[in-house]
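K.L.:
Got a sequence here, can you model it:
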Amino acid sequence: MSDKAERLKEQTAIITKLLKLPENKFCADCKRPSPSWASTNLGVFVCITCSGCHREIGVHITKIKSINLDLWPKDILKNFQKISKFFDS
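P.N.:
Residues are numbered from 1 along each chain as shown. You can find the predicted model right below:
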């Protein structure tokens with residue numbers, strides 16, 4: 001398995017676990033179920049509509065990534081986990 005495939009597998013497992021937390025089952029902004037995007041610096045999941053709003057705000061405020069289409073850098077994924085665990089405690 002290539003490094004990219006291995007990282008994607010690890011990322012998918014982590015994100016799947018995070019999405020099972022009650023606070024992550026809905027868009028952080030509009031509360032629609034099953035968000036498929038994330039603001040990686042804010043540590044929240046959002047729906048596709050709200051992800052567009054975040055992109056309009058600008059990357060200096062919120063950094064949007066797809067939970068299915070983008071390969072997240074390792075440090076961003078680890079920080080996202082830490083943020084989510086902080087709010088889970």
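K.L.:
And the residue nearest the centre of this structure?
P.N.:
By Cα atoms, centre = their mean, the chain has its centre lying nearest to Ala38, at 3.2 Å.
K.L.:
and that one, which of the three is it?
P.N.:
The three-state assignment at Ala38 reads strand, by DSSP: H, G, I helix; E, B strand; the rest coil.
K.L.:
beta partners for it?
P.N.:
With DSSP bridges as the criterion, Ala38 is bridged to Phe45, Lys65.
K.L.:
so what pLDDT did it get?
P.N.:
Looking at Ala38, its pLDDT stands at 96.
K.L.:
if I pick it, what's in contact with it?
P.N.:
In this structure, Ala38 makes contact with Ile15, Val44, Phe45, Val46, Ile64, Lys65, Ser66, Ile67, Phe80, judged by Cβ atoms under 8 Å, 6 or more residues apart in numbering. To be clear about C-beta, it is placed using only N, CA and C from the backbone, and glycine gets the same treatment.
K.L.:
and if you look at Arg55?
P.N.:
Ile64.
K.L.:
Could you do the one 3 residues further on as well?
P.N.:
By Cβ under 8 Å, 6+ apart, the contact list for Gly58 is empty.
K.L.:
cool, Pro33 as well?
P.N.:
Shown in contact with Pro33 (Cβ under 8 Å, 6+ apart): Lys25, Phe26, Cys27.
K.L.:
about what we covered before: how close does the residue nearest to the centre of the chain sit to Gly58?
P.N.:
From Ala38 across to Gly58, the span is 16 Å (Cβ to Cβ, to the nearest Å).
K.L.:
So what's the residue count around His54?
P.N.:
21 (other Cβ atoms under 10 Å).
K.L.:
Residue ranges in this structure under the pLDDT threshold?
P.N.:
85-89 (pLDDT under 70).
K.L.:
That one: helices as residue ranges?
P.N.:
Under the criterion DSSP state H, helices of the chain are mapped to 3-19, 48-57, 74-88.
K.L.:
For the last one, buried residues please.
P.N.:
Okay, so that is helix 74-88. Ile76, Leu77, Phe80, Ile83, Ser84 (16 or more other Cβ atoms under 10 Å).
K.L.:
Out of the residues you listed, the closest to Leu21 would be?
P.N.:
Taking Cβ to Cβ as the measure, Ser84 is the one of those closest to Leu21, at 6.8 Å.
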